[in-house]
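Novice: return atomic coordinates for the entry below.
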Amino acid sequence: MQKKPTYEKNFYKKIGKTLKAKRKERRLTQEEVSEILCLDRSQYSRYEGGKSSIPLYDLYCLAKFYQTSMEMLLGS
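Specialist: Numbering: from 1, shown residues only. Predicted coordinates for the structure are as follows:
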């Protein structure tokens with residue numbers, strides 16, 4: 001398996017920090033968010049930890065759930 005380039009790792013970590021901040025604002029656990037969005041909790045944890053890329057559909061659902069834009073979640 002190829003290692004991700006540094007810029008890609010930093011990109012995912014930035015998204016993860018944003019997701020975590022949004023979740024904390026709502027005083028929710030990863031378990032609660034993953035259950036509401038029908039995601040596996042470990043997968044959501046990898047999103048927040050910046051350890052996994054986020055499929056477009058999941059990003060869309062997260063943006064709707066947190067009442068923000070996908071661009072904001074991506075840091076644009």
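Novice: quick one, what contacts the most centrally placed residue in the chain?
Specialist: Nearest residue to the geometric centre of the chain (C-alpha atoms, centre = their mean): residue 47, 4.2 Å. By C-beta atoms under 8 Å, 6 or more residues apart in numbering, the residues touching residue 47 are 15, 16, 19, 54, 58, 62. Backbone N, C-alpha and C define where each C-beta goes, glycine included.
Novice: list the contacts of residue 16.
Specialist: 47, 48, 49, 50, 51.
Novice: per-residue pLDDT, residue 9?
Specialist: Looking at residue 9, its pLDDT stands at 80.
Novice: how many neighbours does it have?
Specialist: Using other C-beta atoms under 10 Å, residue 9 is surrounded by 13 other residues.
Novice: before we move on, what about residue 73?
Specialist: Count around residue 73 with other C-beta under 10 Å applied: 19.
Novice: was I right to think it contacts residue 60?
Specialist: No. Judged on C-beta atoms under 8 Å, residue 73 makes no contact with residue 60 at a distance of 9.6 Å.
Novice: now stretch 48-68: buried residues?
Specialist: In terms of neighbour count (16 or more other C-beta atoms under 10 Å), stretch 48-68 has its buried residues at 48, 50, 52, 54, 58, 59, 61, 62, 63, 66.
Novice: chain center to it: distance?
Specialist: 4 Å (C-alpha atoms, centre = their mean, to the nearest Å).
Novice: end to end on it, go ahead and measure it.
Specialist: 16 Å (C-alpha to C-alpha, to the nearest Å).
Novice: likewise stretch 24-39?
Specialist: 18 Å.
Novice: would you mark the buried spots in that stretch?
Specialist: Going by neighbour count (16+ other C-beta under 10 Å), the buried part of stretch 24-39 is 30, 33, 34, 39.
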